[in-house]
Structures are given as structure tokens and as C-alpha cells.
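# give me a model of this one.
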Amino acid sequence: MIVYFNKIIGKFQEKIKILVLIFSISFFVSGCGWLVVGGSGAYHGYKVGSDPRSVGTQIDDATITAKIKLKLLEDPVTKARKIDVDTVNGVVTLTGVVESEKEIERAIKIAKSVAGVKKVVNNLKIGKRGIGSYLSDKEITAKIKLKLIKDPELKALSIDVDTINGVVTLTGVVTSEYQKRKAIEHAKSVSGVIKIIDNLQIKR
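Reported below is the predicted structural model:
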């Protein structure tokens, strides 16, 4: 009975997050300068006025991300897994560590099932991540984000950073090949980075 009750509460809490997302979108459209979308424990803030994507696209992407996260949480195969979801111009990137190929296949299928998804990029890996690796990844992510913020040519851009076992994934939109190179260089300069996965899109 307790397990069932906890499951109901969990689903209710996630639906509340969707409502918060919708409220944030409405708040943003009414003229406020920031759109903040709740992510997987990390801060995802995008300065609306300088994001290369249109307002409509930003809202569509945020909605797709929220719907996928809800479906992953509710699914019995993927609900207990740490899977990060990022959406840029309808392209969804799944990042994280899972325990089986079955979980990867299921996560991809769920992402593809959401309306508006144009493509799914799979950065999910099979394995385990200990507390030491988890904390190290968080530190790497924080250092890279700080470098991006401090760079006057990149600080206002929408670039999401995810780190799994030292492998950094950069997802977002930039306005030139030069900005893309700079973002990758910043990421490579941080100690502990093993590899960079470039999912940055250039707005033409």
C-alpha cells in the first residue's frame, strides 16, 4: 500500500513540474527576460533575448523536454535511471549511464514518441557511476559553465553542459563556427575531461 501511495505521489509531483513549466512559459511570454526550465538537478537558465532560437522554438523545445522526462519517469524500465534530456530545435539528446541495452532502446523509443521530435541523439552509456565519479563530473560541469559565462562572446548563449565519467556533451545553439570552436576549447581546457561530444548547432 505504501509503495503504491509513493508511486502516486511521485507521478503527482512530476505533473506539478509540468505545470510549473507551463507557468514559466506563460510568465516568459508576458514580457519577463528569463525562461528557467527545471532539469535533472542542475540549473538550466537561458537568457531569452540572446538565445539564437526564436521564442516559439525555445518554448517548443522546453515542452518536448518536459514531456520526455515525464514519460521516462513513468516508464517501469527507465523511471529509476539518471537520464538527462536536452532539446534544441526539435533534436533531442539523451545523456547518462544506464545498466542495460534494453534501457537505452526504451529511452530512445520514448523520446521518439513525443510530438515535435525530429531526431534523437543517443549519448547513453552502459555502466555504473560511483559517488566519486559523480562528484567529479559535477565539478567538471561547473568549471566549464563558469568559463562559458566569463567569455564575453559566449556568456549569453544557450549552451548546456553534461558530464558523464569525464565525457562532456555540449548541446545548444551558437551563431558561428568560431563560437562553436571557442566553446569546445573551453571544455577541453578543464582538468579531468576525457572526451568532448559536440552537439552544438549553428544558426544559419
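# any idea of the pLDDT on G41?
We have a pLDDT of 38 for G41.
# S133 too?
pLDDT, S133: 87.
# now the element after the particular helix or strand that has it in it, going C-ward?
When secondary structure is defined by DSSP states H and E, S133 falls within helix 131-150. Counting by DSSP H and E, the next helix or strand C-terminal to helix 131-150 is strand 159-164.
# now that following strand, how far from the centre of its chain.
Remark: strand 159-164 is offset 7 Å from the chain centroid, using CA atoms, centre = their mean, to the nearest Å.
# which strands and helices lie in contact with that strand?
strand 82-88, strand 91-98, strand 119-126, helix 131-150, strand 167-174 (3 or more CB pairs under 8 Å, 6 or more residues apart in numbering; DSSP states H and E). For glycine as for every other residue, the C-beta is placed from the backbone atoms N, C-alpha and C.
# which strand residues bridge the residue positioned nearest the centre of the chain?
When the chain is reduced to its mean C-alpha position, the closest residue under CA atoms, centre = their mean turns out to be D86, at 3.2 Å. Per DSSP bridges, the residues bridged to D86 are T93.
# just for this protein, where's the confidence low?
In the predicted model, the chain carries pLDDT under 70 at residues 1-51, 80, 155-157, 204.
# show me how this protein divides into domains.
By the assignment in automatic domain parsing, the chain contains the domains 2-89+99-126, 131-202.
# residues touching V193, list them.
I140, I144, T163, G166, V168, A187 (CB atoms under 8 Å, 6 or more residues apart in numbering).
# swap the cut-off to 6 Å and go again
With contact taken as CB atoms under 6 Å, 6 or more residues apart in numbering, V193 is in contact with V168.
# how about it, secondary structure?
coil (DSSP: H, G, I helix; E, B strand; the rest coil).
# distance of it relative to K69?
26 Å (CB to CB, to the nearest Å).
# repeat for Q179
With CB to CB as the criterion, Q179 and K69 are 28 Å apart.
# among the helices and strands packed on strand 159-164, which is nearest I104?
strand 119-126 (4.7 Å; CB to CB).
# settle this for me: K71 is touching A111, isn't it.
No - the pair K71 and A111 does not pass the contact test of CB atoms under 6 Å, sitting 8.2 Å apart.
# the more surrounded of those two?
More crowded of K71 and A111, by other CB atoms under 10 Å: A111, with 26 against 19.
# tabulate the helices and strands packed on strand 159-164 (CSV), appending distance to A107.
CSV is the format used below for the helices and strands packed on strand 159-164 (distance: least, CB to CB, whole Å):
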stretch, distance to A107
strand 82-88, 6
strand 91-98, 6
strand 119-126, 6
helix 131-150, 19
strand 167-174, 15
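# looking at those, spot the one closest to S158.
Taking the helices and strands packed on strand 159-164 one by one with CB to CB, strand 167-174 is closest: 4.7 Å.
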